[in-house]
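# Mind folding the following:
(one chain, ligands or ions: 1)
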Amino acid sequence: MTPTDQQHEQWWRDAVVYQVYPRSFADADGDGMGDLPGITRRLEHLRDLGVDALWLSPFYTSPQKDAGYDVADYTDVDPRFGSLADADALITRSHELGLKVIVDIVPNHSSDQHVLFQRALAAGPGSPERELYVFRDGRGEDGELPPNNWTSIFHGPAWTRVTEPDGTPGQWYLHIFDTSQPDWNWDHEDVHALFRDVLRFWLDRGADGFRVDVAHGMVKPEGLPDAETNAEGLIDIPEGELPPYFDNDGVLEIYREWRPILDAYEGERMMVLEAWIPEHRVPRYIGPAEAHQSFNFGFLQARWGVETLRKAIEEPLALADAVGAPTTWVLSNHDVIRHASRYGFDADYRFGEGLRRDEVPDAQQGLRRARAASLLMLALPGSAYLYQGEELGLPEVREIPDALREDPSHHRAGVPGRDGCRVPIPWEQHAPAYGFSPSGASWLPQPEEFGPLSVDAQDGVPGSTLEMYRAGLRLRREFELGRSAAPVEFPGDAPAGVLAVRRGELTVLVTTGAEDVTLPADSAYEGAEALLSSVAGTAAVAPGAPATVLPAQSTLWLRSA
Ligand code: NOJ
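Residues are numbered from 1 along each chain as shown. Down below sits the predicted model:
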């Protein structure tokens, strides 16, 4: 096998992976909640888009306290989403269409409805059942204070006190997310065994890989030490550092245990880690004995501008090169404000916890920059992860009534929460629920602005966001941009305010400013062929035309003359 064949075999190295959020993709049975048969019926959309794989957020048995990231049974399908037979059908149909399937694995915590947690509660303090989770006695005279000062990622304390079987207030259990999500005790061999079985269960059913949730969690520091506090006694985690429960070295051993399991299966099964950690800490997790890749969230967090974007490209590439791994690119997912809205703010913006009604982005600027950023991303080497609806240019929805919000962080802390990026997808402009559900039901209301953004309204329309993504993906494949063979170079002759990225015969120009940029007649790009622009209908950058004017806040792909 030549090195090229071998690289080709490692499909994940340059794959474009489309994240499907099951409850919001397509609803086949009309209950207003998306489901697996709905996804299977809409798989042609992914094929036509030109992606290589889909990643399914959790569809397992779950009380849905955190939209399925609270798993009660890792080896069954929640009846809301269908059955195991439906999961098998989805995987089979995806493979027929040439799409790989990545499933989500949630190993840091389970649901409090998991049978093992229920048994732990019933068995009482000191029992072997309690050892599977992180139970501790409280501090204070009567154990009325939590065992340490850790706080939850969803705000509030990371501990909840239980009532013991005899009715007395008892021990506390750790949950670094919602109360309904108790952390597993990864110092226990039975927890390791359970997850080895879960991996094999889905690998046996044909899953091509795993997205590992909270991949930097799981292993907690010895003795569960308090987080550092400031003079007022408040937890004070310096910028760029993490709470004590994240990124402990022991977690790497879990990937070293899992990797041989994946490698024993045919067909390059992979794992991609969800680890929100400082960039320089990521390479430790990646390698031939560890995970295949990890989400690079730096690009998603980068401010709009030549230097910030360049840094967000150069740094992860250098870090990935050092460990011989491909990097990954992400602009949106189910946890962050959609990039079509995020880029609608100039000043400091948050990327998590949703938008309040009064935080109004500049929608036009947001979409323009979002399209430009997406085309930049698709020209980069490594794999790219798309989030359902970004190919339609969907915005974050701000107008969700509080009573309908489901995100636990909204209920715990009153922040808007992540529901605004999880609103069901519009498929058909003139159908009930925009084609999401045959009954017109939708677990979150879709705003009217979704209508013209529907798949059928953009299909075949030159310059639509959907057609831009399709063209970008087609050219990415044609030019093999995902492979690292053509290095990423930053030519020094780009006009002010323009980020230029060269990949072999392709040059990508991103204009970051609010004004159009005219390329000087003697520019290095004179006579180059414009292949694709993120701004439709601009004559000077029409496909095949020689490039002269670069529209403001846009990306242009050029082939050297
Ligand atoms: C990360 C997931 O992406 C997010 O949706 C979830 O709430 C937390 N992990 C907890 O599982």
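
# and V360, what does it touch?
By CB atoms under 8 Å, 6 or more residues apart in numbering, the contact set of V360 is R398. (C-beta placed from N, C-alpha, C; glycine too.)

# Are we agreed that it is in a helix?
No. Using DSSP: H, G, I helix; E, B strand; the rest coil, the secondary structure at V360 is coil, not a helix.

# Now do the phi/psi pair for it.
Here is the backbone geometry of V360 (degrees, to the nearest 10): phi -100, psi 110.

# Tell me the predicted confidence for the residue of the chain positioned farthest from its centre.
Within the chain, the residue lying farthest from the chain centre (CA atoms, centre = their mean) is E141, at 43.9 Å. pLDDT, E141: 96.

# got the phi/psi numbers for the residue positioned nearest the centre of the chain?
Centre of the chain computed as the mean C-alpha position; nearest residue by CA atoms, centre = their mean is N333, 3.9 Å away. N333 adopts backbone torsions of phi -160, psi -170, taken as degrees, to the nearest 10.

# give me every residue that touches it.
19, 385, 387, 421.

# And it, how close does it get to R422?
For N333, the distance to R422 equals 10 Å [CB to CB, to the nearest Å].

# Identify the farthest-apart pair in the contacts of N333.
The distance between the two most remote of the contacts of N333 (CB to CB) is 14.1 Å, for Y385 and C421.

# related to what we said a few turns ago, from D166, how far out is the residue farthest from the centre of the chain?
19 Å.

# In three-state terms, label the residue of the chain found nearest the ligand for me.
Closest approach between the chain and the ligand, counting by CB to the nearest ligand atom: Y69, at 3.4 Å. Here Y69 is coil, with the state taken from three-state DSSP.

# just Q19 next, same as before
Q19 ends up strand, using three-state DSSP.

# didn't it look like it was pressed against D335?
No. Assessed by CB atoms under 8 Å, Q19 is found out of contact with D335, at 10.6 Å.

# the more surrounded of the two?
Q19 (23 against 18; other CB atoms under 10 Å).

# Pull the contacting residues for that one.
Neighbours of Q19 in contact, by CB under 8 Å, 6+ apart: 54-55, 57, 333-334, 385-388.

# One more: S94?
43, 54, 100-101.

# From F345, how far out is F351?
10 Å.

# Tell me which of these two has more neighbours.
F345 (18 against 14).

# Can you tell me the closest non-neighbouring residue to the more buried one?
What sits nearest to F345 in space, not counting adjacent residues and going by CB to CB, 6 or more residues apart in numbering, is P361, at 5.4 Å.

# neighbours of the one you found, just the number please.
22.

# Okay, it and L367: tell me how far apart.
10 Å.

# do the same with P278
31 Å.

# ok, now F479?
For F479, the distance to L367 - CB to CB - is 25 Å.

# Write out the residues of the stretch 51-200 of the chain neighbouring the ligand.
Within the stretch 51-200 of the chain, the positions adjacent to the ligand are 66, 69, 106, 177 by CB under 6 Å from any ligand atom.

# hang on, I meant the stretch 251-400 of the chain
274, 334-335.

# follow-up on the earlier one: in helices, which of the contacts of N333 fall?
Counting by DSSP state H, no part of those is found in helices.

# Out of those residues, give me the one that has the most neighbours.
C421 (28 neighbours).

# What residues are recorded as beta-bridge partners of F210?
V103, M271 (DSSP bridges).

# Now do stretch 455-463: distance from first to last residue.
13 Å (CA to CA, to the nearest Å).

# Now tell me what touches that stretch from outside.
Taking CB under 8 Å, 6+ apart as the rule, stretch 455-463 contacts 45, 392, 425-429, 435, 451, 464-467, 536-537.

# Show me the helices in the stretch 1-150 of the chain, by range?
Applying DSSP state H, counting those that start in this stretch to the stretch 1-150 of the chain gives helices spanning 3-9, 36-41, 43-49, 84-96, 115-123.

# and those, which is most packed in?
Most buried of the helices of the stretch 1-150 of the chain by mean neighbour count (mean count of other CB atoms under 10 Å) is helix 36-41; its value is a mean of 22.

# coming back round to it: among the contacts of S94, which two are most distant?
Among the contacts of S94, L43 and K100 lie farthest apart (CB to CB), at 12.2 Å.

# So for those two, which residues contact both of them?
54, 94.

# what about W329, which SS state?
strand.

# thinking A312 is in contact with G298, fair?
Yes. Using CB under 8 Å, A312 is in contact with G298, at 5.0 Å.

# about what we covered before: name the residues contacting each of P361 and L367.
Joint contacts of P361 and L367 (CB under 8 Å, 6+ apart) are 343-344, 395.

# In contact with G366, which residues?
Counting by CB under 8 Å, 6+ apart, G366 has contacts 339-345, 395.

# Give me the nearest residue to it, chain neighbours excluded.
Nearest to G366 is G344, by CB to CB, 6+ apart, at 2.9 Å.

# tally of neighbours for the one you found?
Neighbours around G344, by other CB under 10 Å: 25.

# now swap in G223 and tell me
7.

# Q293 now?
Count around Q293 with other CB under 10 Å applied: 24.

# Phi and psi next, for it.
phi -160, psi 170.

# Check the gap between it and A275 for me.
Q293 is 11 Å from A275, by CB to CB.

# before we move on, what about G382?
On the measure of CB to CB, G382 and A275 end up 16 Å apart.

# And S560, what's its pLDDT?
83.

# What is the burial count for the nearest residue to V191 once chain neighbours are set aside?
Distances taken as CB to CB, 6+ apart put W184 closest to V191, at 4.9 Å, once the chain neighbours are dropped. For W184, the count of nearby residues is 25 (other CB under 10 Å).

# Might you list the low-confidence residue ranges for the stretch 201-350 of the chain?
348 (pLDDT under 70).

# cool, and the chain?
In the chain, residues with pLDDT under 70: 1-8, 348, 484.

# in the stretch 301-450 of the chain, which spans are strands?
Using DSSP state E, counting those that start in this stretch, the strands found in the stretch 301-450 of the chain span residues 328-330, 383-387.

# In TSV: those strands, plus distance to V282.
Output for these, formatted as TSV (distance: least, CB to CB, whole Å):
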stretch	distance to V282
strand 328-330	10
strand 383-387	14
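
# can you tell me which residues contact the closest residue to G440 other than its chain neighbours?
Leaving aside its sequence neighbours, G440 sits nearest to P432 (CB to CB, 6+ apart; 3.1 Å). By CB under 8 Å, 6+ apart, the contact set of P432 is 438-440.

# again, but for S374
Per CB under 8 Å, 6+ apart, neighbours of S374: 331, 339, 390, 468-469, 472, 534.

# Just name the closest of the residues you listed to A521, please.
Nearest to A521 among the contacts of S374, with distances taken as CB to CB, is S534, at 23.9 Å.

# separation between that closest one and L300?
Distance from S534 to L300, by CB to CB: 18 Å.

# Can you pick out the residue with more neighbours from the two?
Using other CB under 10 Å, the more surrounded residue of S534 and L300 is S534, with 27 against 20.
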